[in-house]
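>>> sequence and computational prediction follow.
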Amino acid sequence: MATLRAHNKKSSAVKRIMQEAKELAEDPCTDYTAAPLEDDIFEWGATIRGAPGTDFEGGLYRVRILLPAEYPFKAPDLMILTPNGRFETNKKICIDGLTSFHAGSWQPAWGVRTAIVGLMSFWQSKGEAMQAIGALDYPTEERKRLAKLSRSWKCPNSGLTNLEILPDVPPSSVNATASSSSSQPSNDAIPPLAPEPAPPASLEPPLPPSSAPPTVLPSADISLLSPPTSLTSIQPIPPPEVEPQEPIVVAPPAVERPPLPTVAISQPPAPLWFDACFGVVLLAVGILLARRLV
């Protein structure tokens, strides 16, 4: 597995890449294999197997995966290193949503495994779907010839052939898996039920027949169960008479109102100088009247 000698261990991209490398190592697949390089974890090497029933059946193809520094928020780049007749070698190919050519469609939840599976699916497309950047359309005979040569193609980084990196799946393991599943008893088959054992015979000796006469129970008096009188003779009890009562009128309680306050209006007394002046005027009037009379 790749080391972290030249990378920041606290980087979210480094943590994500190491997590994906661990998951791919612990959960391998027979159709592809992928791992980061020893000296650069942002560059991966993957080997995929040609799909059966196609022009690439039996072929093994080496893929170079370049992860950006902003991974997983940006899409990776894919390049095919093995001649195949489907894509150009050592050139970035265009896959909708999975490469940097369509970065807007990339989802951060995807990873290297998603890119590899998408490449394998896009590898088998035909017609207008295969017309993309880096796509080729070789004849069927040439593709089959390149598929046979791809098995011995050597990786420039590891020096191993594709067959050594991704060996063929032995058919014995596939048959063993199928036979083991068929040899196991089916859950639907229900074994026949065993017959229930007969109940054990009683060990007690049978009782001898009794010679005493049977006891006769006294018959019940049916007349006691019959009602004493018929239901039609029962007269209904009239309801008691209730005298009408006069309604009780409750007068509202008298509310005592407080007396209104009285305001005493007092007139101020006349000043003394007013009385003196009034007296002088009366005296002068009296003198004038007395002179006219004389």
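Yes, it's here. Residues are numbered from 1 along each chain as shown.
>>> residue ranges with poor pLDDT in the stretch 151-294 of the chain?
Applying pLDDT under 70 to the stretch 151-294 of the chain picks out residues 172-271, 294.
>>> can you do 50?
Within the stretch 151-294 of the chain, the stretches with pLDDT under 50 are 174, 177-196, 202-203, 216-218, 220-232.
>>> all helices for this structure, in order.
For the chain, the helices defined by DSSP state H occupy 12-26, 112-123, 140-150, 162-165, 171-183, 272-293.
>>> go through the ones you listed and name the closest to residue 45.
Evaluated over the helices of the chain, closeness to residue 45 peaks at helix 162-165, with 8.3 Å, by Cβ to Cβ. For the C-beta atoms, the positions are set from N, CA and C on the backbone; glycine is no exception.
>>> from residue 49, how far off is the residue nearest to residue 91 when sequence neighbours are not counted?
Leaving out its chain neighbours, the residue that sits closest to residue 91 by Cβ to Cβ, 6 or more residues apart in numbering is residue 134, at 4.8 Å. Using Cβ to Cβ, to the nearest Å, we find residue 134 at a distance of 20 Å from residue 49.
>>> tell me where the chain has strands.
Applying DSSP state E to the chain gives strands spanning 32-36, 43-49, 60-66, 77-80.
>>> only the buried residues of the last one, if you could.
Judged by neighbour count (16 or more other Cβ atoms under 10 Å), strand 77-80 contains these buried residues: 77-80.
>>> now those residues as TSV including pLDDT and distance to residue 87?
Below are the buried residues of strand 77-80 laid out as TSV (pLDDT from 0 to 100; distance: Cβ to Cβ, whole Å):
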residue	pLDDT	distance to residue 87
77	94	13
78	94	9
79	95	9
80	96	5
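>>> rewinding a little: of the helices of the chain, flag the one that's most buried.
helix 112-123 (a mean of 19; mean count of other Cβ atoms under 10 Å).
>>> would a markdown table of the helices of the chain with distance to residue 55 be doable?
Output for those, formatted as a markdown table (distance: least, Cβ to Cβ, whole Å):
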| stretch | distance to residue 55 |
| --- | --- |
| helix 12-26 | 27 |
| helix 112-123 | 10 |
| helix 140-150 | 4 |
| helix 162-165 | 17 |
| helix 171-183 | 22 |
| helix 272-293 | 143 |
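>>> which among these is found nearest to residue 64?
helix 112-123 (11.5 Å).
>>> mean confidence for the closest one?
For helix 112-123, mean pLDDT rounds to 93.
>>> export that helix to PDB, keeping only CA atoms.
The C-alpha trace of helix 112-123 is given here as PDB (Å, rounded to 0.1, in the frame of the first residue of the first chain):
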ATOM      1  CA  VAL A 112     -12.200   5.300  -7.500                       C
ATOM      2  CA  ARG A 113     -14.400   2.200  -7.500                       C
ATOM      3  CA  THR A 114     -17.200   4.200  -9.100                       C
ATOM      4  CA  ALA A 115     -14.900   5.500 -11.800                       C
ATOM      5  CA  ILE A 116     -13.700   2.000 -12.700                       C
ATOM      6  CA  VAL A 117     -17.100   0.500 -12.800                       C
ATOM      7  CA  GLY A 118     -18.300   3.400 -15.000                       C
ATOM      8  CA  LEU A 119     -15.400   2.900 -17.300                       C
ATOM      9  CA  MET A 120     -16.100  -0.800 -17.700                       C
ATOM     10  CA  SER A 121     -19.800   0.000 -18.500                       C
ATOM     11  CA  PHE A 122     -18.800   2.700 -21.000                       C
ATOM     12  CA  TRP A 123     -16.300   0.400 -22.600                       C
END
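>>> quick check: angle from that helix to strand 32-36?
In terms of direction (axes from the mean of the first three to the mean of the last three Cα atoms, to 10 degrees), helix 112-123 departs from strand 32-36 by 140 degrees.
>>> which non-adjacent residue is nearest residue 154?
residue 161 (5.3 Å).
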